[in-house]
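Participant: Have a look; sequence and predicted model below, questions after that.
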2 protein chains.
Amino acid sequence: MTIPNLIPSNIAPLVEHFNDYLPMDAEDIAMLIPRFVERKVKRRQFILQEGDVCQHYSFVVSGCFKIYKVDEKGGEHNIQFVTENDWATDIGSFHAEKPSELYIEAIEPGHILQIKRPDLLFLYVNNPKFDRNFRVIIENKFVELQNRLLQSFCVNATERYLTFLEQYPALSQRLPNTQIASYLGITPEFLSKIRKDLVSK
Amino acid sequence: MTIPNLIPSNIAPLVEHFNDYLPMDAEDIAMLIPRFVERKVKRRQFILQEGDVCQHYSFVVSGCFKIYKVDEKGGEHNIQFVTENDWATDIGSFHAEKPSELYIEAIEPGHILQIKRPDLLFLYVNNPKFDRNFRVIIENKFVELQNRLLQSFCVNATERYLTFLEQYPALSQRLPNTQIASYLGITPEFLSKIRKDLVSK
DNA sequence: ATTTACCCTTAATCTAAGTTAAGGTTCTTT
DNA sequence: AAAGAACCTTAACTTAGATTAAGGGTAAAT
């Protein structure tokens, strides 16, 4: 661990995360520490609700969150799960400062670090490393999202489920099947059928 | 127009594009000019094929391109159309230098400006403005892609078509319905039915 | 000028996934 | 410890959209 021990322990995972992209020196770290706020989140607690402007980029230190949309008929559609060392936000709402169509909700109790828009803009303007880091972070998110779109277009529900198991083996243990079904774009009943058919080869 | 007239006219749209994000001075422009290569593209010509590593970020000066994936059964699925002043690339393949799963093909004859990976990395390392610009470009692309995913999850084919007409009125004139159907994730036959039903209220 | 290739539509049949309903099970909260 | 949620499964029925097939239209290449 290359991080000086003057860093509050609860910020360490975030500093390590940025370090994975571009080495952070003491000055960089000093710049980000006061701008992130720690927050504990209970199970089922929202960090974003439809109609609200998304005010934060939230870095997940622990816990598991779902980002989802509710359709006209009240059905929930998970677009992304966010766990340790990943970011939860509605980028569109955050940057355009427009009401979000999405919910971000804790599936498990957790622990996050949040930065507000003006503070993130401050980092962008005063330290180009943050432009770089977030460029790369968003490039990776873009690729993930594009693969998800390709899957949903090109393969059937059974193959989407198998890909999910392969890609996120830990999540498949951690989440109830109702949430996985919503992520795959199918009903829990149909997922149940797929699982049964898979077991009997 | 704030661009000095020493700029080759064929690069001007690109400089203007960057200017929309962050003002480019003479030095910035001098840095990018030698790194972009102009290329004419015929109808049906590929700028990326499945199995090849995506070597370029391609800025479209004129023309219309489709980015699509071919499924196991040979079906084509358009994931994005790219027209004037937009970028065509497979970000995942480009950055990981891995074979692409996608095709990028000209629907119309066109005219593009291409930059290779080492040249783009040079810009990133030597001028933080490019990290910023591409961060914002990719943020916008991410939002576009996320909206597409939400649409495909939450609404039926008729509403997806209406949204497409609203969002890209010019494209709906410019493209054959077969291409639009592929973008919407339906067959041309079903799009034809939707159009008929819409006309008869 | 005409063939070729692509494009649009209609309609009948087919299928993957949704819906509803019901019973049993396992977490969570009191 | 009990009650209440939430979760998982099975099964019968329904539906959105796919598939197939066929006819006619239009642009473009020889």
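Facilitator: Arrived safely, thanks for sending.

Participant: residues contacting residue A:85?
Facilitator: The contact partners of residue A:85, by C-beta atoms under 8 Å, 6 or more residues apart in numbering or on different chains, come to A:13, A:17, A:59, A:60, A:61. For every residue, glycine as well, the C-beta is placed using N, CA and C.

Participant: run the last query once more with 10 Å
Facilitator: Residue A:85 is in contact with A:13, A:14, A:16, A:17, A:20, A:59, A:60, A:61, A:62, counting by C-beta atoms under 10 Å, 6 or more residues apart in numbering or on different chains.

Participant: Which positions in stretch A:86-98 come out as buried?
Facilitator: By 16 or more other C-beta atoms under 10 Å in any protein chain shown, the buried positions in stretch A:86-98 come out as A:86, A:87, A:88, A:89, A:90, A:91, A:92, A:93, A:94, A:95.

Participant: Could you pull up phi and psi at the fifth one?
Facilitator: By that I understand residue A:90. phi -100, psi 100 (degrees, to the nearest 10).

Participant: quick one: stretch A:81-89 to chain centroid distance?
Facilitator: From the chain centre to the centre of stretch A:81-89 is a distance of 3 Å (C-alpha atoms, centre = their mean, to the nearest Å).

Participant: Kindly export it (C-alpha atoms) in PDB.
Facilitator: Taking Å, rounded to 0.1, in the frame of the first residue of the first chain, the C-alpha atoms of stretch A:81-89 are listed here in PDB:
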ATOM      1  CA  PHE A  81     -25.800  -3.100 -10.300                       C
ATOM      2  CA  VAL A  82     -23.100  -1.200  -8.400                       C
ATOM      3  CA  THR A  83     -20.900  -2.800  -5.800                       C
ATOM      4  CA  GLU A  84     -17.500  -2.100  -4.100                       C
ATOM      5  CA  ASN A  85     -15.100   0.300  -5.900                       C
ATOM      6  CA  ASP A  86     -17.600   1.400  -8.500                       C
ATOM      7  CA  TRP A  87     -19.600   4.500  -9.100                       C
ATOM      8  CA  ALA A  88     -23.300   5.000  -8.800                       C
ATOM      9  CA  THR A  89     -24.800   8.100 -10.500                       C
END
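
Participant: ok, and does that stretch reach over to DNA strand D?
Facilitator: No: on the criterion C-beta under 7 Å from any atom of the strand, stretch A:81-89 is out of touch with DNA strand D, staying 13.4 Å away.

Participant: helix or strand for residue A:31, which one?
Facilitator: helix A:26-32 (DSSP states H and E).

Participant: cool, residue A:159 as well?
Facilitator: Residue A:159 belongs to helix A:157-167 when assigned by DSSP H and E.

Participant: and what of residue A:79?
Facilitator: Per DSSP H and E: strand A:76-82 holds residue A:79.

Participant: And chain B, is that strand touching that?
Facilitator: Yes: applying C-beta under 10 Å from any C-beta of the partner chain, one finds strand A:76-82 touching chain B at A:76, A:77, A:78, A:79, A:80.

Participant: Next secondary structure element downstream of that strand?
Facilitator: In N-to-C order, the element after strand A:76-82 by DSSP H and E is strand A:86-88.

Participant: helices or strands next to whichever helix or strand comes after that next one in the packing?
Facilitator: Next helix or strand after strand A:86-88 toward the C-terminus (DSSP H and E): helix A:91-96. Applying 3 or more C-beta pairs under 10 Å, 6 or more residues apart in numbering or on different chains; DSSP states H and E, one finds that helix A:91-96 contacts strand A:56-62, helix A:117-126, helix A:128-154, helix B:128-154.
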